[in-house]
Structures are given as C-alpha cells and as structure tokens.
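How does the following fold in three dimensions:
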Amino acid sequence: MNGAESVVRTLVKCGVEVCFGNPGTSEMHFVSALDSVAGMRPVLGLFEGVVTGAADGYARMAEKPACTLLHLGPGFANGIANLHNARRAASPIVNIVGDHATYHAQYDAPLASDIEGLARPVSRWFHASTSARNAASDVARAVQAAHQPPGQIATLVLPADTAWLDADGPAEPLANARALEVGSKTVERVARTVKSSKNAAILIRGAALKERGLIAAGRIAAATGARILCDTFAPRLQQGAGRVAVERIPYFAEQIVAFLKDVEDLILVCSKAPVTFFAYPGKPSWPLPDGCRIDGLAHAHEDGTLALEALAEALGAPKEPANVVPLRRPDLPAAGKLDAFACGTIVSHFLPDNAIISDEAATSRVGFADLATAAPHDILTLTGGSIGCMIPAGTGAAIACPDRKVICLQGDGGAMYTLQALWTQAREKLDVTTIVFANRSYAILNIELLRVGATARGPKAMSMLDLHDPTLDWIKLAEGMGVEATRAETREDFQAQFKSAMNARGPRLIEAVI
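Here you go, the predicted structure:
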C-alpha cells in the first residue's frame, strides 16, 4: 500500500465519504487510489471554487466533512474565496493539497509556491506530510481537527513522494471533540438578565438554528417576550410552517440600527454581536443602541441547543413555544411582467416540503418574504459575502441530501463566478433547480455606489457594473454544461417552469428575466 491509498482508506475509516476534487499531476496517486478503496465517492469540479463551495454546502447539510483534492498552491488559491465562506459558516472541511515531491522542492519548479502562506488565513489547522508512513496518521489528525466544534477547515499538504512511496497502512480514527455544555451559573445569570429586561433579544447562530434549538428559543419567548434573531447570513436556518419564527437582521446599516433600536439586552448564542457589513460615510459600524448590554449564553464551541433548553427550564417556560409559523402558501400572482416579488410568491407557493434553499439572490432576495411561512425547509446563505458560492453549495447539499429538492436562488453576476457547478450537477444527476435572476447588472453595486458617497455615475463607472453588451445567454450557458434550461419573462412563464421543475427530478435552470 502506498501513502495515497493509506490516506484514502483512513479518510473512509474516519467517516469521510465524498471527495470533491480538481486534481493535477501531483495528485495522480490519490486519484488512482480511489479505485482501490470502497466507500469514497469522487466528485469532479471544473474549477476549484466549485470544489470548495460544494464541500461547504455538503458540510452544512451532512454535518460532517467531505475532503477536497486540490493541485498545489495555485489550485488552492483558486478555491480560497469559497473556503473563506466556509470558514465563516464554521463548516468542517478537510483539504488535501498535492505538492511537489519533497526532494523536488529545492529546484523551485514553476508551480512551487508558499502553500502554507495561502492556506493559513482560511485554515484553523495546517500540516505538511513528510513521509508516506506518517501520511495516514496526519490525515486522521486533519479529520479530527475539522470536527473541532463548531467546525473548522483543516488543510493537509501531501507531497507527491509521500503519496507514491510505501506506507504501513491506514490509521485508526481519532476521537472527535463534542461541543461543551454551558455551565449552570451562566444559565442562571442569563435567566436573571432575561427576566429583568424590558426588551431582550437572543441572537442565535449554528446548530441551535435547527428545530430543537428553535423550539427552546420559542419557549423562552413565550415566557419572557424576548425576540429571537439570527444573522443576516446564517449558515443554516430551518424555517417555514411548524417552526418557530426567527427575525433575520437586515443587511444595510441604517436598517440594522432601526431593527435593534429598542434592544436593551442582547443574549448571544454561538454568535457575535452584529456589525455592519461595510463602513459607510456618516453611518455607524456598530449598530447596537447606546446602553445595550451584551451577555453570552453560549460560545461558538459550546452546545447552543442545550444552553437554550437549560435557559427555558431555568425560566420555567411553558412547554409550547411561541411564534410557531402557520402554513400560508401565498396566492399566485396575476399574469404580467416578471419581477423578484412575483418570483418569490411563486417559489413560496410551490415549494415542496423539506426543500433546501441555497440563497445568493442578492438584490432579488427582497421578493422572498413569503418563504418564512411556506412549507418547512432549510436555507443556506452566503456567510462570508464572497459571491459565487451558492450554486456550488447547493451542489454539495444535493449530494449530502439526495432525497431532498435543492433550489438555488442566484444573481446573474455571482452565477458567472462558478457556473461550472452546473456541469457537476449534470454529471452527478443532482436534483437541483437553479433560478438565475437576470437583471443584467451587478445591481447591489449600483446601490452601493450611492451609499458610499461615490456620486459620479458617468459611462465609465456604470460600465463596470453593467452586464449588457453582450447579454449573458443563460439558456446556452446551461445547456452547454448539460443542464436543461428555460427562460421566463412573464409571471405565467415562470409559474409553469418552476412548477414543472418541482414535479420532476434532475438539474434544471430557469433564467428569470427581471
């Protein structure tokens, strides 16, 4: 057995079942080992940003790591943007990065680079193997590191000779750490705060935004009237009918200030205090009102769900939560020109139970308020703000949950960053419907141009934000990747096309011209 096979066998023993990869010469022994080892599913991405984004979406839904296979420093660099998003999502990922053979490094070959310097900003754990006989134990440590609560990115460099030389065999899995339980004194202190507060809000992130944590939060709201909040870009939120409603913090600075203006006590559950996404002239970066007190119920590495349940018990909260959402499928819109609001109404009307929504709709997201009362679903968002993530993330989510419908809401500008993910969806026959909102513009930047005080809007400036000339043809782009595609310019078109997609399996793309 060579080092590469020992690594793949160790990954499988550690519960890593999917490898998203874009390999090169240095990774060929790893690629070859995939045929020798049962239990590892290889998934090819045509760009490393697809590979890392898919690993992120997979981790958010599977709640365990996939591995990525990347080609030296430049390949890793191509995937950094979506590793940035994954780091912000606390997604567990194991990166396997091929490198030149150890003895070849002295020659400074063209692909030589500082892999560690590239990896450190997005990796909580980093190591470079030095021997084929150590590679298996190195990858076992990488998997253990990725599982460290709340989830983190581990990067292992595998030089080519450590992959092809003889190894001793796979390593045994290492014990994974569990999220720590919050102490009783912390729970008692926060209970006193919430009881005495006139306007308390609980800001939740992480696993506590799933149904069990939300029920506990709803019980607390029933006992105290506290508001239940989540970040603008929460990694994963379970919402819709039958679930406790969560207020999402808005995006723009002045909206956040208005949203939080009455909060006297902010309780953090696996989250940080909110800040504005960017700095703006004359607007605050710190949106909390003066005098607002901040208290922590659970840190990110602690069990927020158990902490909320303990707080509910300490408060003597009723067993039934407040703010449970009733099912309200909106009426279908009248015939006419398509816009984001009509798209949102139609999606919410036809949304199947237990769907997964991968959301990078950007400015078109404003039309999707009805999702909050639609059929129960999970929603994944753009945690790090680096666009071009959510079509790959939806791809990974579909591999993690093959029995669930995945719907990607995607702006056309961001879609062009990683449209190669459509090819992976076609190859893997994934049940993903991608809606591309074709407004032919970086619409959010048109807004931001004014908000930052850059008032000049001449032809050169506007050309940097415009996607006309030539107009992107999403029908041809999708079909070129092997995905069935249609174009909707009216509400009737979109309704028929989306309903059809929900009643069929396999990858589809709808270009919604708005």
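
switch to C-alpha atoms for all contacts and neighbour counts from now on
Fine.

how close does residue 284 get to residue 18?
Remark: distance between residue 284 and residue 18 (Cα to Cα, to the nearest Å) = 44 Å.

And those two? Which one has more around it.
The neighbour comparison of residue 284 against residue 18 (other Cα atoms under 10 Å) goes to residue 18, with 22 against 16.

which residues sit in contact with the more buried one?
40, 41, 42, 43, 66, 67 (Cα atoms under 8 Å, 6 or more residues apart in numbering).

Name all residues that make contact with the residue lying closest to it once chain neighbours are set aside.
Closest residue to residue 18 apart from its sequence neighbours, by Cα to Cα, 6 or more residues apart in numbering: residue 41 at 4.7 Å. Residue 41 sits next to 17, 18, 19 when contact means Cα under 8 Å, 6+ apart.

Quick check: beta-bridge partners of the last one?
With beta bridges defined as DSSP bridges, residue 19 has these partners: residue 42, residue 67.

surely it meets residue 45?
No. Residue 19 is beyond contact range of residue 45, at 10.2 Å (criterion: Cα atoms under 8 Å).

downstream neighbour of the helix or strand bottoming out on mean pLDDT in the chain in the secondary structure list?
For the chain, the helix or strand with the lowest mean confidence is helix 443-451, at a mean of 75 (criterion: mean pLDDT, DSSP states H and E). With elements assigned by DSSP states H and E, the helix or strand that comes after helix 443-451 is helix 459-463.

Alpha carbons of that next one, as PDB, please.
Taking Å, rounded to 0.1, in the frame of the first residue of the first chain, the C-alpha atoms of helix 459-463 are listed here in PDB:
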ATOM      1  CA  PRO A 459     -20.400  56.000 -18.600                       C
ATOM      2  CA  LYS A 460     -17.000  54.500 -17.400                       C
ATOM      3  CA  ALA A 461     -18.200  54.000 -13.900                       C
ATOM      4  CA  MET A 462     -21.500  52.500 -15.000                       C
ATOM      5  CA  SER A 463     -19.800  50.200 -17.500                       C
END
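
how about whichever helix or strand comes after that helix: buried residues?
Later in the chain than helix 459-463, the nearest helix or strand by DSSP H and E is helix 474-480. By neighbour count on 16 or more other Cα atoms under 10 Å, the buried set for helix 474-480 is 474, 475, 477, 478, 479.

Quick one: distance of helix 474-480 to the chain centre.
25 Å (Cα atoms, centre = their mean, to the nearest Å).

Remind me which helix or strand residue 509 belongs to.
strand 508-513.

okay, that strand in CSV with CA atoms only?
Taking C-alpha atoms only, strand 508-513 is exported to CSV below (Å, rounded to 0.1, in the frame of the first residue of the first chain):
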residue,chain,number,x,y,z
ARG,A,508,-32.8,22.4,-14.2
LEU,A,509,-32.1,26.1,-14.7
ILE,A,510,-34.6,28.9,-15.1
GLU,A,511,-33.4,32.3,-16.3
ALA,A,512,-35.8,34.7,-14.7
VAL,A,513,-35.6,38.0,-16.7
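
Let me see the ranges of the helices in the stretch 1-150 of the chain.
Assigned by DSSP state H, counting those that start in this stretch, the helices in the stretch 1-150 of the chain fall at 3-13, 28-33, 48-62, 72-78, 80-89, 115-119, 132-146.

And for the stretch 351-500 of the chain?
390-400, 412-415, 421-428, 443-451, 459-463, 474-480, 491-502.

Tell me which of these sits most buried.
Burial of the helices of the stretch 351-500 of the chain is given as mean neighbour count (mean count of other Cα atoms under 10 Å); helix 390-400 ranks first at a mean of 31.

now what about it, what contacts it?
By Cα under 8 Å, 6+ apart, helix 390-400 touches 49-62, 356-360, 381-382, 404-408, 410, 415, 418-419, 421-422, 424-425, 430-432, 434.

again with stretch 335-350
By Cα under 8 Å, 6+ apart, stretch 335-350 touches 329-333, 364-371, 374-375, 437, 488-492, 494-495, 498-499, 502, 512-514.

and if you look at stretch 206-219?
For stretch 206-219, contacts defined as Cα under 8 Å, 6+ apart pick out 150, 228, 234-238, 243-244, 269-271, 300, 303-306, 308-309, 312, 317-324.

In a strand, residue 268, correct?
Yes. The assignment for residue 268 by DSSP: H, G, I helix; E, B strand; the rest coil puts it in a strand.

How confident is the prediction for the residue nearest to residue 18, by pLDDT?
Residue 41 carries a pLDDT score of 98 in this model.

The one 10 residues further on now?
The predicted local confidence for residue 51 comes out at a pLDDT of 98.

What is the burial count for it?
32.

do the same with residue 169
21.

confidence score at the closest residue in space to it that isn't next to it in sequence?
Distances taken as Cα to Cα, 6+ apart place residue 6 nearest to residue 169, at 5.2 Å, with adjacent residues excluded. Residue 6 carries a pLDDT value of 98.

swap in the one 4 residues further on?
Residue 10 carries a pLDDT score of 98 in this model.

pretty sure it is touching residue 141, no?
No. Judged on Cα under 8 Å, residue 10 makes no contact with residue 141 at a distance of 10.3 Å.

how close does residue 474 get to residue 105?
44 Å.

in the stretch 401-514 of the chain, what spans have low per-residue confidence?
Applying pLDDT under 70 to the stretch 401-514 of the chain flags residues 455-456.

Sounds good, over and out.
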